[in-house]
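# Give me a model of this one.
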Amino acid sequence: MSDYVIALDQGTTSTRAIIFDHSGSIVSTGQLEHEQIFPRAGWVEHDPIEIWNNTREVIGQALSKANITRHDIKAVGITNQRETAVVWDKTTGQPVYNAIVWQDTRTQSIVDRLAKDGGVERYKSIVGLPLATYFSGTKIVWILENVEGAREKAEAGDLLFGTTDSWVLWNLTGGVEGGVHVTDVTNASRTLFMDLETLTWRDDILADFGVPKSMLPEIKSSSEVYGTVSASSLLREVPIAGILGDQQAATFGQAAFDAGESKNTYGTGNFLIFNTGEEIVRSENGLLTTVGYKLGDQPTHYALEGSIAVTGSLIQWLRDNLGIIDSAPEVETLANTVEDNGGVYFVPAFSGLFAPYWRSDARGALVGMTRYVNKGHIARAALEATAFQTREVLDAVNADSGVDLTELKVDGGMTANDALMQFQADILNVPVIRPVVAETTALGAAYAAGLAVGFWETLDDLRANWQESKRWEPNLDVIERERTLRLWKKAVTKTFDWVDGDVN
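Here you go, the predicted structure:
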């Protein structure tokens, strides 16, 4: 009997292969970063070929470290950066352009054009999303309109679109030699093209965007066998049986399966997901309505999501662009050299502001500066920005759901930062809880794949695997909490209306 499930986690900054055992514990990991390409202000790209090559290599790393072979792997699960768009030629297997990353803002003119008839919420009642540069639909349009020959090839049926789950799956299952072109409902719900109720592509919306339906992958559930790995891979003949977009995967990995349960992931950006069960809840407070998961032919579970564009990537910016730290973990040490933020607030609207504001005209601002301020205060303000943004999203969740959260489950790389997690508990005034296995994104993909092939039998099996690792209790005076929140909200307003006709 096979003893393990492998998850392929194709993220914004790296690709990982993580092998899990039946208890949900990590057996081994392979990981490679890929280049972040910034052709001009507001543009963010990845090389899809580099991502695919890295995927193959990290599989080998993980198998080698665990000293196992494909015969020990029961299934493959895939999780991915959700809105990043890849368009490729199905006859050659070559991308026609770099992947356009979810953070990219170049498509604002396309958003504006589509919003002239009905505003940015033109399709929100159908797809759960406002028109925004964040989602993959406008990225496809940009490629069709700006890459020479792309429109003609698409109309001829020669081009395929996918988020990176589809790109990895297509290549894993053979590529030009019979590759499977599908995605799951969670990723499809991030395109602007999928009807939340029918879980199908909307022909009328595709016509408005000018995107040929032949480009799009078939929509499947999050947990079923899509195909088997091709003979050219170390995992040949192993079934690929689970796909979840990264934030939905993290929610699944946190065993937040039922209505009212939630999680917050601290990664490149922050993403809070609140499970609304089988009910589609339309947000009145700037949140997204999205698919949480769908297991085979079982009912679809929906969610409200608060998406924050810049959190962990702000720490990377301090490291790579300013050079005030040499590695991301050093930000905590630097922040701890001061007692407070010194009156400084850092609003990292590098890609505009996502939830709950949805202000594409915003840009980053560092406010409250005096001669007293040093790099320790800036480091602390950068960490606090993550917690403040999460508080605003959580307030929106509470307003939409009508139920105040009593605790927050957290995961992702930034949860290793004790200073941030303590401030998060303080500013939320609820306990913050981290599980033993913090790699919940990959774990969720493994769970979805394992359920499909019987490696795990029921959701109760997965609930039994969840264990608490650490808890942070709130410890901040209410007057101080409200004072800092007031100043944060004031700082946010300073970022509005920055972009005009002459400023990107």
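
# List the buried residues for stretch 316-328?
Neighbour counts over stretch 316-328 (16 or more other Cβ atoms under 10 Å) mark 316, 318, 319, 324, 325, 328 as buried. C-beta coordinates here come from the backbone N, C-alpha and C atoms, glycine included.

# Return the distance of that stretch from the chain's centre.
22 Å (Cα atoms, centre = their mean, to the nearest Å).

# Ok, stretch 136-153 next?
23 Å.

# One more: stretch 120-130?
For stretch 120-130 - counting by Cα atoms, centre = their mean - the centre lies 19 Å from the chain centre.

# again, but for stretch 417-435
Counting by Cα atoms, centre = their mean, stretch 417-435 comes out at 21 Å from the chain centroid.

# okay, that stretch in CSV with CA atoms only?
Taking C-alpha atoms only, stretch 417-435 is exported to CSV below (Å, rounded to 0.1, in the frame of the first residue of the first chain):
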residue,chain,number,x,y,z
ASN,A,417,7.1,36.2,13.8
ASP,A,418,6.1,36.4,17.4
ALA,A,419,6.0,40.2,17.5
LEU,A,420,3.6,40.3,14.6
MET,A,421,1.3,37.6,16.0
GLN,A,422,1.2,39.3,19.4
PHE,A,423,0.3,42.6,17.8
GLN,A,424,-2.3,40.9,15.6
ALA,A,425,-4.0,39.5,18.7
ASP,A,426,-3.8,42.9,20.4
ILE,A,427,-5.3,44.8,17.5
LEU,A,428,-8.1,42.2,16.9
ASN,A,429,-8.8,41.7,20.6
VAL,A,430,-9.2,37.9,20.0
PRO,A,431,-6.8,35.0,20.4
VAL,A,432,-4.6,34.1,17.4
ILE,A,433,-3.9,30.4,17.0
ARG,A,434,-1.2,28.6,14.9
PRO,A,435,-1.4,24.9,14.1
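
# in that stretch, what counts as buried?
417, 419-428, 430, 432-435.

# again, but for stretch 118-138
120, 122-124, 126-138.

# so of those residues, which ones are in helices?
Under the assignment DSSP state H, the buried residues of stretch 118-138 contribute 124, 126, 127, 136, 137, 138 to helices.

# Next, give phi and psi for residue 244.
phi -140, psi 130 (degrees, to the nearest 10).

# isn't it right up against residue 448?
Yes: Residue 244 is in contact with residue 448 according to Cβ atoms under 8 Å; the separation is 5.5 Å.

# which residues are common contacts for the two?
Residues touching both residue 244 and residue 448 (Cβ atoms under 8 Å, 6 or more residues apart in numbering): 77, 222, 252, 293.

# So for those, which is the shakiest by pLDDT?
Checked by pLDDT, the shared contacts of residue 244 and residue 448 have residue 252 as the lowest-scoring entry (94).

# Can you select the buried ones from the shared contacts of residue 244 and residue 448 in PyMOL?
The buried residues among the shared contacts of residue 244 and residue 448 can be selected in PyMOL (16+ other Cβ under 10 Å) with this line:
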select buried, resi 77+222+252+293
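
# Return the set of buried residues in the helix or strand that contains residue 225.
Per DSSP states H and E: residue 225 is located in strand 223-228. Using 16+ other Cβ under 10 Å as the test for burial, strand 223-228 gives 223, 224, 226, 227, 228.

# I'd like these as CSV, with pLDDT and distance to residue 201 appended.
Formatted as CSV, the buried residues of strand 223-228 follow (pLDDT from 0 to 100; distance: Cβ to Cβ, whole Å):
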residue, pLDDT, distance to residue 201
223, 97, 21
224, 97, 19
226, 98, 18
227, 95, 20
228, 94, 26
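
# got TSV for those residues, with distance to residue 346 too?
Listed next are those as TSV, based on distance: Cβ to Cβ, whole Å:
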residue	distance to residue 346
223	40
224	44
226	42
227	45
228	48
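
# For residue 64, state which of these is nearest.
Checking the buried residues of strand 223-228 against residue 64 by Cβ to Cβ gives residue 228 as the nearest, at 21.8 Å.

# Quick check: bridge partners of that closest one?
Beta-bridge pairing for residue 228 (DSSP bridges): residue 239.

# for it, what are its contacts?
173, 236, 237, 238, 239, 240.

# Relative to residue 475, which of these is nearest.
residue 240 (45.8 Å).

# which ones are touching that closest one?
75-78, 169, 172-173, 180, 225-229, 449.

# JSON lines for the residues you listed, including distance to residue 110?
As requested, the contacts of residue 240 are exported to JSON lines (distance: Cβ to Cβ, whole Å):
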{"residue": "75", "distance to residue 110": "38"}
{"residue": "76", "distance to residue 110": "35"}
{"residue": "77", "distance to residue 110": "33"}
{"residue": "78", "distance to residue 110": "28"}
{"residue": "169", "distance to residue 110": "27"}
{"residue": "172", "distance to residue 110": "31"}
{"residue": "173", "distance to residue 110": "32"}
{"residue": "180", "distance to residue 110": "30"}
{"residue": "225", "distance to residue 110": "37"}
{"residue": "226", "distance to residue 110": "31"}
{"residue": "227", "distance to residue 110": "33"}
{"residue": "228", "distance to residue 110": "38"}
{"residue": "229", "distance to residue 110": "36"}
{"residue": "449", "distance to residue 110": "35"}
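
# mind listing the strands in the stretch 101-250 of the chain by residue range?
159-162, 182-184, 194-195, 200-201, 218-220, 223-228, 239-245 (DSSP state E, counting those that start in this stretch).

# and among those, the most buried is which?
The highest mean neighbour count among those, using mean count of other Cβ atoms under 10 Å, belongs to strand 239-245: a mean of 29.

# Report the beta-bridge partner residues of residue 6.
residue 19, residue 76.

# tell me, how many neighbours does it end up with?
31 (other Cβ atoms under 10 Å).

# My guess is it contacts residue 21. True?
No: at 11.1 Å, residue 6 and residue 21 do not qualify as touching, with contact defined as Cβ under 8 Å.

# Which elements pack onto the longest helix anywhere in the chain?
Looking across the chain with DSSP H, the single longest helix is helix 375-401. Packing partners of helix 375-401 (3 or more Cβ pairs under 8 Å, 6 or more residues apart in numbering; DSSP states H and E): strand 262-266, strand 270-277, strand 301-308, helix 312-317, helix 330-335, strand 345-347, helix 418-428, helix 478-493.

# ok, back up a step: list just the nearest of the ones in helices among the buried residues of stretch 118-138 to residue 202.
residue 126 (6.4 Å).

# partners of the residue nearest to the closest one when sequence neighbours are not counted in the sheet?
Sequence neighbours aside, residue 195 is the residue nearest to residue 126 in space, at 5.6 Å (criterion: Cβ to Cβ, 6 or more residues apart in numbering). Assessed by DSSP bridges, residue 195 has beta-bridge partners residue 200.

# show me what contacts residue 195?
Contacts of residue 195 (Cβ under 8 Å, 6+ apart): 126, 127, 201, 202.

# what residue of the chain is the furthest out?
Among residues of the chain, the one most distant from the C-alpha centroid is residue 371; the distance is 37.9 Å, by Cα atoms, centre = their mean.
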